Structures are given as C-alpha cells and as structure tokens.
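**Student:** give me a model of this one.
(one chain, ligands or ions: 1)
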Amino acid sequence: MSQPRRRTRPAWSAFIALGVAALLGGGLLTPGTAAARDGLGGVGGSANLAHTSGIQGQNTKAIASAALKADAERRAQKATQRGVRSPGVQQTVKKLEKLRSEAAPRPRAKAQAAPPGQAKALVLYDNAGPFGHLGELYAMGMANLGGRFGTVTSKPVQEYTSGMIETFDTTVYIGSTYYNASLPDAVPQDFYLDVLLSDRPVIWMGQNIWNMAHSISLQEFEFKYGWDPTNSYYDNGAGIGRVSKVEYKGQTLTRRIPDGQDPGILRPLIKQGPGYPDPTVVATAVDTDGGVEKRFPWALRSGNLTYIGELPFTFVSEADRVVAIHDLLFDALAPQTAEQHRALIRIEDINPLSDTTRLRAIADYLKSQNIAYGINVIPVYSDPKGSENNGIPRTVRLQQRPALVNTIKYMLANGAVLMNHGYTHQYGNVDNPYNGVTGADFEFFRAHVNPANNHVVYDGPVAEDSTAWAQGRVDAGLNEFTRAGLPRAKLWTTPHYAGSATDYRVFSQNYAARLERSLYFAGTLTGQPVDSTRYLGQFFPYPVTDVYGTKVLPENIGSYEPVASNQNPPRLEADLIANAKANLAVRDGFASFYYHPFHTVAPLKTIVEGIQALGYTFVSPESLLS
Ligand SMILES: [Zn+2]
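**Tutor:** Here you go, the predicted structure:
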C-alpha cells in the first residue's frame with residue numbers, strides 16, 4: 001500500500017523559537033511555524049520563521065525597536081556626559097576597596113573543575129518590563145543546555161544574593177530586559193561586585209553589562225576585562241547593520257532575522273593601551289550589510305567573564321549561531337571534555353501501512369554499514385474520516401500486518417532500537433491540522449493551518465489533556481506492540497514534537513528517554529500555572545536533562561524533505577550535511593537526523609556518507625541511556 005501523503009507535517013524551525021516565536025511572533029523558531037515535518041524539523045530559511053503560534057510578527061518588531069530606542073537614549077545620555085571628568089584611578093581603587101570591605105565575607109577559593117556530569121550552574125534571568133515574560137523562556141533554554149553538564153538552578157536576577165556565585169561552577173546572566181531611566185535596574189549591586197571579584201566563570205548574554213561598569217566603576221571593569229561596555233552600542237552609528245553570519249571555531253554559522261525584527265548585537269569597544277588585558281574574541285559577528293563584510297566580536301572573553309552581544313534564542317535553525325552557545329558551555333562547565341562527534345539516525349513514522357520492501361532496503365543498507373539506529377513505530381494506523389480511503393474510515397493495527405511485524409523484527413535483529421512514536425499520530429476524528437490521518441496530524445497538541453499564510457499554528461494542548469489521558473495513549477500503544485509480539489519500546493518521540501508539559505512528563509515516566517525537540521512552557525521555572533500560549537521550542541546538540549526533569553536525546557539537523565510543505569522549503573541531502581558540519585563546532589556534539597522510509601535508500605546513503613566524511617561516528621540511541 002502506498003504511503004499516505006505525508007508531506008504534511010508541521011516542521012518547525014528550530015530552537016527556541018517556538019514559543020517565543022509564538023510569542024514573539026516571529027521570532028523564535030517555532031515548531032509552530034510552518035508546517036510540520038514530523039517533529040520540529042527545523043528549517044533554516046527565514047521564510048519559515050515564525051508567524052504562527054499566536055504571536056504576532058509585530059511583537060518581535062516591538063521588542064527590537066524598544067531595545068534599540070533604549071540604546072539610542074543611553075548613547076545620547078552618554079554624549080551629554082562627555083566632559084565630565086571621570087574619577088581618577090586612585091578614587092576608583094578607593095571606591096572598590098570600600099565595596100570590598102562592605103561586601104559580605106565569602107570564600108574565594110579557586111574553582112576546581114566539577115566531576116563529569118556534576119557541574120552546578122546558576123541561571124539568572126530578568127522578568128521586569130513589558131517583555132519580562134521572555135526571560136523565563138530564555139532561561140529555560142539555557143537551563144536545558146546546562147542539564148547536559150549537571151544541575152541547574154534558575155532564578156530571577158533580583159533574587160541573587162551576595163556570594164551566591166561562589167557556590168556554583170558557572171553563572172549565566174541573561175539580560176533580556178533593558179533597564180534604563182524608565183525601568184530601574186533590577187540587577188543587585190552584589191551581583192555586579194561578585195562578578196568582578198570572583199574567579200568563577202560568568203557568561204553574560206545581552207543587555208545591562210554597561211550598568212555593571214557604571215555600578216562598580218568603569219575603570220575597574222576596563223582594567224579587569226579590557227573593554228568599555230558604557231561606550232558599546234547595538235548601533236554602530238549607521239544602524240545595526242545586517243549580521244547574517246557568526247564565525248566560531250572555524251565554522252560559519254547562520255543568523256537569519258527578518259527585517260525590522262533584529263535587535264542587533266552589542267559592538268564591544270575594546271580598550272587599547274598598557275594596563276588593559278587583551279580580550280579573546282571567542283566568536284565573530286559578520287555584518288554583510290551592503291555586500292561588504294565587516295567583522296566585530298560576537299562573544300568576548302577576558303578574566304572570568306564571557307560576554308555574548310545578543311540573546312541567540314530567536315530565529316534559530318540547525319546551523320545557527322546558537323551552536324556557538326552549545327559549545328561555549330563546555331568551557332565553563334566541562335573544560336576537560338574530549339573532542340568527539342557522534343551521529344544518530346531515526347527511521348520515522350513506520351506504521352501499519354508502511355512499505356516493507358523499502359524498510360528492508362533501508363535495514364540492509366544500514367546493516368551493511370554496521371550502523372545502529374532507532375526505528376520510530378506508530379502501532380495503530382487511523383483514518384477515521386477516510387481521508388485517504390475514499391471516505392471510508394480505516395483502522396489498521398500492527399498485529400494485522402504480520403509481514404511488517406516480521407520486517408520490524410528483522411530490523412531489531414540487525415541494529416535497530418524500537419522506539420514509540422505515539423499511539424496513532426493523529427487526534428480523534430478532526431483535522432489536526434490536515435486530515436485526521438496517522439502520520440500527518442498531531443496527536444498530543446492542537447494545531448491548524450492559517451490559510452492566509454499557509455503556516456501551521458499551534459493552538460495548545462488537547463481539551464482532555466491530563467496525566468491520565470496521556471498515560472492511556474501510552475498504555476494503548478505499548479499494548480499494541482505486545483500484541484504484535486514486539487518488545488517494549490525503550491525510547492519515545494512525540495508526534496510532530498508537540499505535547500504539553502504534562503504529556504512530556506508522562507512519556508518520560510514510561511521510556512528511558514525522549515529523542516526529539518520539545519516545547520517548554522511559561523510557568524515551568526516560576527511555579528506559576530502553565531501558560532500554554534507562551535513557550536520556547538528547542539532542539540539539543542547533545543543529551544540533556546531538561547527543566548521538566550526528563551532526559552532528552554538530540555535531534556539537531558532535521559530530516560530529508562525533498563518537497564516543500566507549508567512554507568518550509570525542501571531540505572535536501574546537502575542541507576543536512578551542512579547542518580552536521582556546522583555542528584562540528586560542538587566539541588562533544590551530535591549530528592542527529594530522521595528519515596522517512598517512503599523515500600528510497602539513495603538519499604539516505606548520501607547523507608550517511610556525507611556525515612561520516614565529516615568525522616562523525618554513528619552510534620545507537622540506546623548507547624546514550626546509561
Ligand atoms: Zn511523525
């Protein structure tokens with residue numbers, strides 16, 4: 001039986017975009033955006049970015065324009081202060097001495113590297129101002145990544161207390177609220193002082209670094225770090241430019257932000273002259289405005305401080321500048337990590353109508369290469385409206401297809417790991433968003449297609465969503481595997497990568513890990529009721545323990561999709577390989593993709609060979625479950 005049309009799946013673009021995207025309207029990559037190709041497929045082009053998910057595009061525009069306006073005011077204010085004599089070095093030193101003596105006593109022992117997997121990270125975020133809700137979303141994105149390395153504590157920055165920095169291996173501050181005359185600085189003075197006085201690594205992203213310099217004394221900042229944040233701006237005097245690339249560790253990463261929605265990148269003013277340390281440029285922004293490449297530091301490091309000039313969680317795709325963040329964290333949390341590059345394959349959407357010949361061909365090819373892989377099986381095919389069957393409803397169960405079951409067993413005997421990809425991969429007898437057919441529709445989340453722009457819009461959890469409902473679907477699916485004589489599935493992938501926080505927790509209670517991208521909902525860190533309209537969509541470059549407390553294995557380079565769907569352009573062999581190449585920047589990273597068995601073996605072979613040629617080694621997803 002030929003495969004039902006499956007081109008229909010919402011593909012998200014990647015990372016954090018989602019929710020935020022949703023929120024931002026445009027911004028973050030959202031799974032919600034654009035049509036899903038199973039799971040947030042992550043799509044790179046700006047055409048896919050955002051719209052959907054409830055957030056209006058103008059929100060991202062509003063955020064960008066508010067930040068740029070505040071920065072212009074800061075510059076104007078600075079200009080009026082020229083001529084005011086800065087305090088001399090002696091005065092600065094005295095001021096610092098006073099601050100030091102007033103600061104609570106605290107240990108300042110040199111940090112020892114934490115044992116692998118036991119690092120402790122502190123993530124501080126803003127929650128003030130009209131866009132204050134974004135802080136929690138960004139913090140979740142950072143906390144999830146931190147879950148690769150150990151435990152993460154997240155707090156609104158105003159809850160920081162003196163000396164806290166010394167009790168963590170690394171502190172990350174995410175400056176997403178621009179504090180200025182109309183919004184008083186919520187960052188405690190103790191934090192500014194502790195950053196300066198500590199040896200512990202601090203990663204500072206985004207705004208307010210100039211307030212630290214003002215607070216502790218600009219000269220002290222300059223002498224420790226070698227640059228002047230009070231004279232560093234997003235606008236270089238002729239606008240923010242168009243930074244379309246970020247260079248990091250020999251890889252050129254993408255940065256695709258629609259016009260009018262880019263808040264810019266802080267352009268650090270490096271101090272020249274004796275006495276100033278020379279900051280290390282960790283990553284370089286490439287401004288391609290006007291067709292001429294102009295470079296400036298995207299990330300700077302000196303002393304204990306790594307500064308990143310933007311919050312790279314919006315408009316993210318697989319080869320995006322966020323990859324630099326994925327790797328930077330090793331410096332702070334696991335500096336001893338050895339370089340290695342592993343790859344994962346998932347064969348996706350295998351269901352009772354799958355073509356056994358194609359599956360065998362894929363199995364034989366992967367076996368010939370000694371490659372272990374995951375097989376994502378949907379145990380029940382459901383087409384309640386007969387959308388693919390001339391209007392006649394149809395349900396087909398695994399046990400009714402002994403040849404397919406036999407093929408699955410053959411795959412399991414030759415390197416495959418059984419994974420569960422939903423119960424029916426569709427929802428009830430409604431279009432969600434397409435036609436109610438297995439493989440095409442969402443199962444654990446509601447969605448529709450916006451006819452105005454052909455984007456898939458995320459509508460929220462299903463009406464009856466609950467722990468019991470999700471557990472019921474899981475149980476029903478596992479029972480189908482048992483009835484078909486198959487083993488218990490060890491791993492789970494949520495259909496179209498979309499479920500509620502409740503659903504994700506249920507899945508994780510039933511499987512050793514989820515292998516997917518996920519949605520992270522507002523309220524998770526704050527303990528407030530979950531707000532399903534505000535979320536962050538994120539993919540991971542390595543296994544993490546996320547803010548839900550669940551283990552998630554990476555899917556970070558997307559899937560082979562030769563046909564465009566819902567505003568997602570095709571994603572071809574070379575695109576996946578290019579994504580894998582960009583991810584070589586992650587010192588212990590992965591190239592993880594999925595492949596639909598209704599395609600022939602040839603593209604799979606090209607992708608596998610291309611990824612191997614980059615130096616990746618394919619491993620079984622099961623090898624990551626220790
Ligand atoms: Zn699927």
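**Student:** if I pick the residue nearest to Tyr276 when sequence neighbours are not counted, what's in contact with it?
**Tutor:** The shortest distance from Tyr276 to any non-neighbouring residue, by CB to CB, 6 or more residues apart in numbering, is to Gly226 (4.5 Å). For glycine as for every other residue, the C-beta is placed from the backbone atoms N, C-alpha and C. By CB atoms under 8 Å, 6 or more residues apart in numbering, Gly226 lies in contact with 270-271, 276-279, 302.
**Student:** and if we set it to 10 Å?
**Tutor:** When contacts are counted by CB atoms under 10 Å, 6 or more residues apart in numbering, Gly226 touches 268, 270-273, 275-280, 300, 302-303, 305.
**Student:** wait, does stretch 433-442 contact the ion?
**Tutor:** No - remark: stretch 433-442 sits outside contact range of the ion, by CB under 5 Å from the ion, the gap being at least 5.8 Å.
**Student:** and stretch 567-586, what's buried?
**Tutor:** Across stretch 567-586, burial judged by 16 or more other CB atoms under 10 Å covers 567-569, 571, 573, 575-586.
**Student:** same check, this time on stretch 171-189
**Tutor:** So stretch 171-189, judged by 16+ other CB under 10 Å, has buried residues 171-180, 185-189.
**Student:** please apply the same query to stretch 506-513.
**Tutor:** Of the residues in stretch 506-513, 506-508, 510-513 count as buried by neighbour count, 16+ other CB under 10 Å.
**Student:** find the closest residue to the ion in the stretch 351-500 of the chain.
**Tutor:** As assessed by CB to the ion, the ion sits closest to Pro495 within the stretch 351-500 of the chain, at 5.0 Å.
**Student:** any idea how many residues pack against that residue?
**Tutor:** 30 (other CB atoms under 10 Å).
**Student:** so it is in contact with Val462, correct?
**Tutor:** No - assessed by CB atoms under 10 Å, Pro495 is found out of contact with Val462, at 11.8 Å.
**Student:** lowest-pLDDT helix or strand in the chain?
**Tutor:** Least confident element among the helices and strands of the chain, by mean pLDDT, DSSP states H and E: helix 17-24 (a mean of 32).
**Student:** skip ahead from that one and say which helix or strand is next.
**Tutor:** helix 57-81 (DSSP states H and E).
**Student:** quick one: list the elements packing against that following helix.
**Tutor:** If you count contacts as 3 or more CB pairs under 10 Å, 6 or more residues apart in numbering; DSSP states H and E, helix 57-81 packs onto helix 17-24, helix 209-216, strand 227-233.
**Student:** strand partners of the shortest one, parallel vs antiparallel please.
**Tutor:** Sheet pairing of strand 227-233 (DSSP bridges) gives strand 267-270 (antiparallel).
**Student:** now the partner strand, how far from the centre of its chain.
**Tutor:** Between the centre of strand 267-270 and the centre of its host chain there is 27 Å, according to CA atoms, centre = their mean, to the nearest Å.
**Student:** for it, which positions count as buried?
**Tutor:** For strand 267-270, a neighbour-count test (16+ other CB under 10 Å) marks 267-268, 270 as buried.
**Student:** equivalent analysis for stretch 397-404, please.
**Tutor:** So stretch 397-404, judged by 16+ other CB under 10 Å, has buried residues 398-399, 401, 404.
**Student:** could I get the phi/psi values of the nearest residue to Ala512 once chain neighbours are set aside?
**Tutor:** Leaving aside its chain neighbours, Ala512 sits nearest to Leu625 (4.7 Å; criterion: CB to CB, 6+ apart). Phi and psi for Leu625, reported as degrees, to the nearest 10, are phi -100, psi 0.
**Student:** do you know how far Leu625 is from the ion?
**Tutor:** 21 Å (CB to the ion, to the nearest Å).
**Student:** go on, Leu300?
**Tutor:** Per CB to the ion, Leu300 is found 42 Å from the ion.
**Student:** how about Asp588?
**Tutor:** Using CB to the ion, Asp588 is found at 28 Å from the ion.
**Student:** same check, this time on Arg301
**Tutor:** 41 Å.
**Student:** equivalent analysis for Tyr248, please.
**Tutor:** In terms of CB to the ion, Tyr248 sits 32 Å off from the ion.
**Student:** this structure: helices as residue ranges?
**Tutor:** For the chain, helices defined by DSSP state H occupy the ranges 17-24, 57-81, 89-102, 133-146, 189-197, 209-216, 218-225, 322-333, 356-368, 402-412, 467-483, 501-510, 573-582, 601-613.
**Student:** buried ones in the last one?
**Tutor:** It stands for helix 601-613. 601, 604-608, 610-612.
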